[in-house]
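Colleague: The following block contains a protein sequence and its predicted model.
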Amino acid sequence: GNSVTQMEGPVTLSEEAFLTINCTYTATGYPSLFWYVQYPGEGLQLLLKATKADDKGSNKGFEATYRKETTSFHLEKGSVQVSDSAVYFCALSGANSKLTFGKGITLSVRP
Amino acid sequence: NAGVTQTPKFRVLKTGQSMTLLCAQDMNHEYMYWYRQDPGMGLRLIHYSVGEGTTAKGEVPDGYNVSRLKKQNFLLGLESAAPSQTSVYFCASSPGLAGGPGETQYFGPGTRLLVL
């Protein structure tokens, strides 16, 4: 079945540091890939998505590229801010028409 | 446009009690979902609905029931609560079933449930 694996957390960075959060997946067919973000006390909201191989999703300075050859969708940001502190979830949607989420990773950014 | 709303925000139950969580969306979305979020487990799908009057089981359906009598509402019921059901519950909706290219789910703010 489908599965999503995220790197272990939590991650603590200083403001303006470079961020990479790893995500790999196992799926049948050709899934769409997503990053969702959960700010403290809130529900999840879509950060970015990619629907096919080699697509790059981007939003709010975050980027992720759909890599079919390595089955990965790593999230990157060149310069993080305190306001980026949140929980980040990688997810996929596949031929079975349901979303499968990774376990999430907590990012804390220090001033 | 309120998006997805959930009622209540927080609830404490005793083992064996029953309760219903209400989810409402005003975006005219066809599909709705109930998830539970537990530490270190991510989000797991409990039940979902592909339209008014329909429901289907997700990954962890045991101990829960759902109903979708109106398109805008999706109810999650616990008939006899157990401590293992202590969790944060999220409702979500989408225009079409997740799995179509790039379909996005919109989430409510969550309900924290504590079962003693």
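Modeller: Yes, it's here.
Colleague: So which residue is smack in the middle of chain B?
Modeller: When C-alpha atoms, centre = their mean is applied to chain B, the residue found nearest the centroid is B:Trp34 (2.4 Å).
Colleague: Please report phi then psi for A:Val82.
Modeller: phi -60, psi -40 (degrees, to the nearest 10).
Colleague: same question, A:Thr24
Modeller: phi -130, psi 160.
Colleague: Now for it: which residues touch it?
Modeller: A:4-5, A:70-73 (C-beta atoms under 8 Å, 6 or more residues apart in numbering or on different chains). The C-beta positions use only the backbone N, C-alpha and C, and glycine is treated the same way.
Colleague: who wins for most neighbours among those?
Modeller: When neighbours are counted by other C-beta atoms under 10 Å in any protein chain shown, A:Phe73 leads the contacts of A:Thr24 with 28 neighbours.
Colleague: The chain: strands as residue ranges?
Modeller: Just going to use chain A. A:3-6, A:11-14, A:19-21, A:23-26, A:32-38, A:44-50, A:56-59, A:62-65, A:75-77, A:86-93, A:99-101, A:105-110 (DSSP state E).
Colleague: that's the wrong chain, I wanted chain B
Modeller: B:4-7, B:10-13, B:19-25, B:31-38, B:42-49, B:56-57, B:65-67, B:73-78, B:87-94, B:106-107, B:111-115.
Colleague: Just to check, A:Thr65 is in contact with A:Asp55?
Modeller: Yes. Under the criterion of C-beta atoms under 8 Å, A:Thr65 makes contact with A:Asp55 at 7.3 Å.
Colleague: residues touching the closest residue to B:Thr86 other than its chain neighbours, list them.
Modeller: Spatial nearest neighbour of B:Thr86, chain neighbours left out: B:Val115 (4.9 Å); criterion: C-beta to C-beta, 6 or more residues apart in numbering or on different chains. By C-beta under 8 Å, 6+ apart, the contact set of B:Val115 is B:12-15, B:81-86.
Colleague: Do you know the pLDDT at the nearest residue to B:Thr104 once chain neighbours are set aside?
Modeller: In space, and not counting its chain neighbours, B:Thr104 is closest to A:Leu46: 5.1 Å by C-beta to C-beta, 6+ apart. With respect to pLDDT, A:Leu46 scores 93.
Colleague: Could you pull up the mean pLDDT of stretch B:42-58?
Modeller: Computed over stretch B:42-58, the average pLDDT equals 92.
Colleague: Please tell me how far the closest residue to A:Ser3 other than its chain neighbours sits from chain B.
Modeller: Using C-beta to C-beta, 6+ apart and skipping residues adjacent in sequence, the residue nearest A:Ser3 is A:Thr26, 4.7 Å away. Distance of A:Thr26 to chain B, given as C-beta to the nearest C-beta, to the nearest Å: 15 Å.
Colleague: follow-up on the earlier one: now the strands of chain B as CSV including distance to A:Val87?
Modeller: As requested, the strands of chain B are exported to CSV (distance: least, C-beta to C-beta, whole Å):
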stretch, distance to A:Val87
strand B:4-7, 18
strand B:10-13, 19
strand B:19-25, 21
strand B:31-38, 9
strand B:42-49, 10
strand B:56-57, 26
strand B:65-67, 26
strand B:73-78, 22
strand B:87-94, 12
strand B:106-107, 12
strand B:111-115, 15
